[in-house]
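S.K.: Need a 3D model of the following:
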Amino acid sequence: DDASYNSLGYFLQDEWYPSDRVLLVGGLRYSSFNTEFDVADAAGNGLQTIEQSFESLTGNIGLVYKFTSSWSASMNAGQGFRAPNLSDLAKLGESKGDTYEVQNTDLEPEKILSFDASLRHQNGRFRGELTGFYSRITDLLSSVDATFNGSSDFITGGDTLKVKQKANTGEAFVAGFESSLRAEITPDLSSYASLSFSYGQNSTLDEPIGKMPPMFGRLGLRWQQQRYWLDGFLRFAAEQDRLSADDLDDDRIPTGGTPGWQVITLRAGFDLLDQLSIRTALENILDVNYREHASGINAPGRNFIVSFELRR
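M.R.: Down below sits the predicted model:
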């Protein structure tokens, strides 16, 4: 109650074309976060007001090079900064699953250094892109076991909750790739696909980073004429069984990890007038029972959507 959390940022970015083939991008950002909140005094003398500030200057630099009119490549390096939010610092109470979260006012911001490289190809009938990335994180913020009033368990209404708090758990890295393809089969029919994969590891604790998504992607066909279009696609995700210690305590994640799944969806649209369109969708046609990893909620079964769009 009566807590405040304020953020302020300034950024500057410039683009420079030293030649027709080369684009250079550089930027700087200053970020400042200030918070004030009350916590229970450890000596039992009521509430204690905590004031904290976090700030950082980060930068990024990038290069895009055009080999030909249809082939290009890019490379980027950038810094990131995430200050602890109010929940990280001051939450006291029941949290996800059977967890009771306690405050930790001695947190440092996460810092990240990222690199990525992309290769792109585009001509009249084909577009494709492949990106690889690597990020190094220091002072990673994640949930760890804790105590409250000297106990690692909190009992409420006959339920026993495990006490946890946010903490800086050391160094970690995330590596992976993203890819996309779109090809024109005929003037009216095109196919598309995408695939993404991320691998995260907490090097200090020698365990996976929590809540990492599994490999996922999409494969589809789209038919379109001037006023009509039809789009059908398969969306899928692999099993995610690389779990952190906190994931293992999270009731939102099934025992052993989140199973993989495949879902088929069909969408269509029709422009009645220049200003009025109708959109329909039949989602999850096979009525698959599935869950996005760490979401805690099973996705909807088979469902039908009709929408109207009016433009001026």
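S.K.: Strands of the stretch 101-250 of the chain, start to end?
M.R.: 110-122, 126-138, 141-145, 153-156, 159-168, 172-184, 189-202, 207-208, 216-224, 228-237 (DSSP state E, counting those that start in this stretch).
S.K.: and those as TSV, adding mean neighbour count, distance to residue 22 and mean pLDDT?
M.R.: The way it works is simple: take the backbone N, C-alpha and C, and place the C-beta from them, glycine included. TSV is the format used below for the strands of the stretch 101-250 of the chain (neighbours: other Cβ atoms under 10 Å; distance: least, Cβ to Cβ, whole Å; pLDDT from 0 to 100):
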stretch	mean neighbour count	distance to residue 22	mean pLDDT
strand 110-122	16	15	97
strand 126-138	16	19	97
strand 141-145	18	38	90
strand 153-156	13	59	81
strand 159-168	18	40	90
strand 172-184	17	24	97
strand 189-202	17	28	97
strand 207-208	19	39	96
strand 216-224	16	32	97
strand 228-237	17	37	97
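S.K.: Among the ones you listed, which comes closest to residue 12?
M.R.: Smallest distance to residue 12 across those (Cβ to Cβ): 19.2 Å, for strand 110-122.
S.K.: so how far is the closest one off the chain centroid?
M.R.: Chain-centre distance of strand 110-122: 15 Å, with Cα atoms, centre = their mean, to the nearest Å.
S.K.: Export it to CSV, keeping only CA atoms.
M.R.: Output of strand 110-122 as CSV, limited to C-alpha atoms (Å, rounded to 0.1, in the frame of the first residue of the first chain):
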residue,chain,number,x,y,z
GLU,A,110,20.1,-7.7,-14.0
LYS,A,111,22.6,-6.8,-16.8
ILE,A,112,22.9,-8.4,-20.2
LEU,A,113,25.3,-8.3,-23.1
SER,A,114,23.8,-9.7,-26.3
PHE,A,115,25.2,-10.5,-29.8
ASP,A,116,23.2,-11.6,-32.9
ALA,A,117,23.8,-12.1,-36.6
SER,A,118,21.3,-12.6,-39.4
LEU,A,119,21.3,-13.6,-43.0
ARG,A,120,18.4,-12.6,-45.2
HIS,A,121,17.3,-13.4,-48.7
GLN,A,122,14.4,-11.8,-50.6
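S.K.: now it and strand 172-184, what's the angle there?
M.R.: With axes from the mean of the first three to the mean of the last three Cα atoms, to 10 degrees defining the directions, strand 110-122 sits at 20 degrees from strand 172-184.
S.K.: what packs against strand 110-122?
M.R.: strand 71-82, strand 126-138 (3 or more Cβ pairs under 8 Å, 6 or more residues apart in numbering; DSSP states H and E).
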